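A.B. asks: take a look and give me a structure for this.
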Amino acid sequence: MKTKLDRFISVLAKICRGILICIVVACLIGGIYACYSEYNSKVSRSIKGAQASCNSNLRQMGLGMAEYAQDYNNCYPPTGHWAAAIYPYIKATGVFQCPADPNQPHNKTYPLSYAMNSNAQGLDINSNPDRSMTVLLCEYASFNVDMTNPNDKAIYPKTDGVSKTPIGTWGNLMQLGVESAPSTTRHDPRLMFLTLDGHVKFLKPEQASGGENAVSKTSIDPSHLHAAGSEALGTKYKLTFSAK
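C.D. replies: Model (predicted):
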């Protein structure tokens, strides 16, 4: 027959085991949380690093565009070979690839992660007064070109695998949600845009009004065939692809 002391010791032992289990579980949770926090921190640093490098790439390409224009009557290069046109001023294929772009060099071709605003080709660099609101380059679905070859035409194969189009964009596919739209968000739901004045904006795709040149500076085309005019920008649109 158990005495009161035996019962007390038995209860105390159960309490100790319970406390020990709680301590072990707490240690495990703490270890898992620490590992998760460290992993999350590394991922965050990696994402921020990729964003910073992508920002730097666009700025360097913007400088290359400006140097090209100085040598060619103050005009931006044609859309079809803009990357090859400014490569001599950059001389680094890596600048044309976003760090978050998994594409790899292949058969002497190199990843191109960006596209030029088609409305800006041949544009006089001093002709647009709304340079801070007009897109020059933006992130785009990745493909390979040989920008080291002056005769290379940057072409993007369409989904039928046969027809091809020069790599420029009006950006209107961003609003239409087409699969081949230049809305490849490699960093988060936002894209990086380089404006005509050389600044980089980090915006959601739908915040850049895409389309051909605007009918007027105050117009907004709901069909997205024409980009919004620079004076029509506001809460909905922060940038426009219209170069007029």
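A.B. asks: counting neighbours, what do you get for Phe96?
C.D. replies: By other CB atoms under 10 Å, the residues close to Phe96 number 24. C-beta here means a position set from N, CA and C on the backbone, and glycine is covered the same way.
A.B. asks: now it: closest residue in space, sequence neighbours ignored.
C.D. replies: Nearest non-adjacent residue to Phe96, counting by CB to CB, 6 or more residues apart in numbering: Leu112, 5.1 Å away.
A.B. asks: which non-adjacent residue is nearest the residue nearest the centre of the chain?
C.D. replies: Residue closest to the mean C-alpha point of the chain, counted by CA atoms, centre = their mean, is Leu191 at 3.8 Å. Leaving aside its chain neighbours, Leu191 sits nearest to Glu139 (4.8 Å; criterion: CB to CB, 6+ apart).
A.B. asks: wait, the one you found touches Cys54, no?
C.D. replies: Yes - with contacts counted by CB atoms under 8 Å, Glu139 reaches Cys54, the gap being 7.3 Å.
A.B. asks: partners of the residue nearest to the centre of the chain in the sheet?
C.D. replies: Leu203 (DSSP bridges).
A.B. asks: that one touches Leu137, doesn't it?
C.D. replies: No - at 10.8 Å, Leu191 and Leu137 do not qualify as touching, with contact defined as CB under 8 Å.
A.B. asks: number of residues surrounding Lys86?
C.D. replies: Check again: residue 86 is Ile, not Lys. Using other CB under 10 Å, the number of residues around Ile86 comes to 25.
A.B. asks: re the thing from before, ok, the residue nearest to the centre of the chain to Phe241 distance?
C.D. replies: Using CB to CB, to the nearest Å, Leu191 is found at 13 Å from Phe241.
A.B. asks: what do those two both touch?
C.D. replies: Both Leu191 and Phe241 are in contact with Ala208, where contact means CB atoms under 8 Å, 6 or more residues apart in numbering.
A.B. asks: show me the contacts for Gln60.
C.D. replies: By CB under 8 Å, 6+ apart, Gln60 lies in contact with Ile90, Val95.
A.B. asks: what lines up beside the longest strand anywhere in the chain in the sheet?
C.D. replies: If you go by DSSP state E, the chain has its longest strand at strand 135-145. Note on strand 135-145: by DSSP bridges, its sheet partners are strand 110-117 (antiparallel), strand 191-195 (antiparallel).
A.B. asks: how far does the shortest one sit from its chain's centre?
C.D. replies: Taking the mean of its C-alpha atoms, strand 191-195 sits 8 Å from the chain's own mean (CA atoms, centre = their mean, to the nearest Å).
A.B. asks: could you do stretch 53-69 as well?
C.D. replies: Per CA atoms, centre = their mean, the centroid offset for stretch 53-69 relative to its chain is 15 Å.
A.B. asks: stretch 193-202 now?
C.D. replies: With CA atoms, centre = their mean, you get 12 Å for stretch 193-202.
A.B. asks: try stretch 59-78
C.D. replies: 21 Å.
A.B. asks: list the buried residues in it.
C.D. replies: Under the neighbour-count criterion of 16 or more other CB atoms under 10 Å, stretch 59-78 has Gln60, Met61, Gly62, Gly64, Met65, Ala66, Tyr68, Ala69, Cys75, Tyr76, Pro77, Pro78 buried.
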